[in-house]
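In: 3D model of this:
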Amino acid sequence: MIAELRAIVGESYVLAGKDAAPWEHDWPKAFASAPLCVVRPGSTEEVAAVVKACAASGTPIVPVSGNTGLTGGASGDGVVMLSVDRLNTIHAVKPDARIAIVGAGVILSTLHDAAAEHDLMFPLTLGARGSAMIGGLLGTNAGGSNVLKYGNMRDLCLGVEVVLPSGEVMDLMSELHKDNSGYNLRNLIVGAEGTLGIVTAAVLKLVPQPAAYATAMVAVPSLDQALGLLNRLQVETGGAVEAFEYMPRVYIERHASITGKRAPFPETYDVNLLVEVGATAPSDAAPDENGAVPVVSRLEELLGDLLEEGAVLDAVVAQNEAQRAEMWERREDAAEITFATPPFVNNDVSLPLEKVSVFLERMTPRLAALEPRASEMVVAHLGDGNVHYTAYIPEKDAALYDAVTEAVEDVALELGGSFSAEHGIGLTKLASMARRKDPVALQVMRSVKEALDPQGIMNPGKVIPGL
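Out: Numbering: from 1, shown residues only. Model (predicted):
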């Protein structure tokens with residue numbers, strides 16, 4: 001098998017033994033892999049040839065992008081790991097159409113830089129942007145911090161090119177905003193975590209780069225009042241709020257103790273928000289004769305009014321890019337501080353906006369009843385209801401891990417939520433899928449998987465329980 005793959009892509013692009021070590025664990029080091037080899041094709045044609053060779057021998061394939069996932073979706077033993085890292089070409093940026101045509105191995109920050117050259121931006125952003133690749137972001141239907149305004153990867157993708165488990169290439173590289181010609185196969189592939197095929201290229205939407213940002217850390221009396229603040233900001237800014245991130249007291253204190261960085265306020269508050277408004281209109285972004293930026297001045301004025309009303313307890317508005325970067329760094333350190341002290345149970349749930357506070361109120365006593373020594377930490381994309389809930393448990397205990405996970409599922413689903421928001425299913429949420437997903441929906445998923453991948457070789461054992 002290895003010899004055949006080397007004949008397809010070249011000897012130096014098939015790695016085995018110690019050369020494959022960088023791919024033998026995921027970023028959090030939660031899953032170890034022992035692949036047969038890692039193959040790094042340099043074109044769609046080479047990907048197709050590799051997949052055909054694996055299909056002919058029945059060898060399972062695990063697609064790998066930046067390997068920054070958190071659910072074990074890019075792990076496996078005895079598999080051919082197919083890395084898309086060499087499919088890293090930005091084929092075109094079309095400023096007038098506001099699209100980019102990119103390979104699956106393009107790193108997110110590289111796309112950000114390419115779009116910025118045209119005063120545009122690809123609006124999806126997250127802490128792993130320096131290593132996460134477009135293929136993986138599409139595979140997990142990633143969200144990030146700007147979903148509130150721009151949506152997740154499904155919303156930002158117009159077209160994909162995908163190599164199916166048979167080795168056939170399905171060309172869905174449409175640049176159209178409207179195409180009503182049958183099933184939306186693009187959206188089927190996006191979020192499938194490589195179980196239905198390997199994305200090799202994509203057509204992605206770009207948006208105007210804001211000419212100015214108004215960014216602030218804001219403390220409010222309660223989460224329910226935070227939602228009122230969001231709605232007020234949306235009205236006052238014409239829907240220009242790009243990010244609305246929640247960091248409770250425990251997050252702020254943990255961040256300061258682990259990173260040594262300063263807290264946002266001299267006093268500690270229970271509910272802390274990172275708010276960002278983007279301005280593209282010159283009337284909002286151009287400094288006045290005093291050097292004041294209108295969008296910043298308007299946010300300061302609004303927060304001042306809310307302070308007088310008691311709807312806001314404290315606020316700091318960034319006055320320069322360095323202060324803005326410090327605020328974002330505090331939020332984007334979330335993965336570092338979450339994974340700093342194992343063992344823990346990490347959950348990624350989605351909730352109706354008005355139910356986030358109810359979820360947290362119910363989870364605290366549920367966790368204490370399961371394990372009095374456990375503690376919890378939360379950080380959330382509050383504007384879209386995505387809560388990252390982490391429970392720290394005193395020792396590794398599979399039964400307790402499962403009990404905490406089920407408790408989180410219980411509460412989230414009682415409130416009309418979902419047990420998975422943006423991290424995907426991978427391996428870690430297979431049991432959740434089996435317990436919670438509608439049985440008819442699961443059977444439809446199995447039927448789709450079996451139709452496209454009858455041998456079950458494409459990222460086997462992920463996403464769909466029982467396969």
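
In: so what's His423 closest to, chain neighbours aside?
Out: Setting aside the residues directly before and after it, His423 is nearest to Asp348 in space (Cβ to Cβ, 6 or more residues apart in numbering), at 4.3 Å. Backbone N, C-alpha and C define where each C-beta goes, glycine included.

In: which helix or strand contains the residue positioned nearest the centre of the chain?
Out: The residue at the geometric middle of the chain, judged as the C-alpha nearest the mean C-alpha position with Cα atoms, centre = their mean, is Ala142 (3.5 Å). Element membership for Ala142 (DSSP states H and E) is empty, with no helix or strand holding it.

In: how about it, what does it touch?
Out: Taking Cβ atoms under 8 Å, 6 or more residues apart in numbering as the contact definition, Ala142 lies against Leu124, Leu126, Ala132, Gly136, Asn152, Met153, Glu422.

In: in three-state terms, label Glu326 for me.
Out: Under DSSP: H, G, I helix; E, B strand; the rest coil, Glu326 falls in the helix class.

In: quick check, pLDDT for it.
Out: According to the prediction, Glu326 has pLDDT 97.

In: could you report the neighbour count for it?
Out: As a burial measure, the neighbour count of Glu326 was computed by other Cβ atoms under 10 Å and equals 15.

In: pLDDT weak spots in this protein?
Out: Scanning the chain with the threshold set as pLDDT under 70 gives no residue ranges.

In: could you list the domains of it?
Out: Using automatic domain parsing, the domains assigned to the chain come out as 2-83, 90-208, 212-334, 341-427.

In: and those as CSV, adding distance to Val448?
Out: Compiled in CSV, those are given as follows (distance: least, Cβ to Cβ, whole Å):
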stretch, distance to Val448
domain 2-83, 17
domain 90-208, 7
domain 212-334, 34
domain 341-427, 15
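
In: what's the closest of those domains to Asn459?
Out: Smallest distance to Asn459 across these (Cβ to Cβ): 4.3 Å, for domain 90-208.

In: any idea how far apart the tips of that closest one sit?
Out: With Cα to Cα, to the nearest Å applied, domain 90-208 spans 19 Å between its terminal residues.

In: ok now it, how far from the chain's centre?
Out: Taking the mean C-alpha point of domain 90-208 and that of its whole chain, the gap between them comes to 13 Å (Cα atoms, centre = their mean, to the nearest Å).

In: and for stretch 372-389?
Out: Taking mean C-alpha positions (Cα atoms, centre = their mean), stretch 372-389 and its chain are 15 Å apart.

In: ok, stretch 200-212 next?
Out: Relative to the chain's own centre, stretch 200-212 is displaced by 16 Å; criterion: Cα atoms, centre = their mean.

In: if we can go back for a sec, for Lys449, which of the domains of the chain is the nearest?
Out: Closest of the domains of the chain to Lys449 is domain 90-208, at 6.3 Å (criterion: Cβ to Cβ).

In: separation between the closest residue to Pro282 other than its chain neighbours and Ala281?
Out: Nearest-residue entry for Pro282: Ala211, 7.0 Å, with adjacent residues in sequence omitted and distances by Cβ to Cβ, 6+ apart. Per Cβ to Cβ, to the nearest Å, Ala211 is found 8 Å from Ala281.

In: what about the helices in the stretch 301-450 of the chain?
Out: Using DSSP state H, counting those that start in this stretch, the helices of the stretch 301-450 of the chain run over 321-332, 334-338, 356-370, 398-414, 430-436, 439-452.

In: do the same with the stretch 101-250 of the chain
Out: Here the stretch 101-250 of the chain has its helices, by DSSP H, counting those that start in this stretch, at 108-116, 134-139, 147-150, 153-156, 185-189, 223-237, 249-259.

In: returning to what we had before: what residues does the residue nearest to His423 make contact with?
Out: The neighbours of Asp348, taking Cβ under 8 Å, 6+ apart as the test, are Leu70, Asn386, Val387, His388, Tyr389, Ser420, Ala421, Glu422, His423.

In: please name the bridge partners of the fifth one.
Out: The reference is to Tyr389. With beta bridges defined as DSSP bridges, Tyr389 has these partners: Asn347, Val378.
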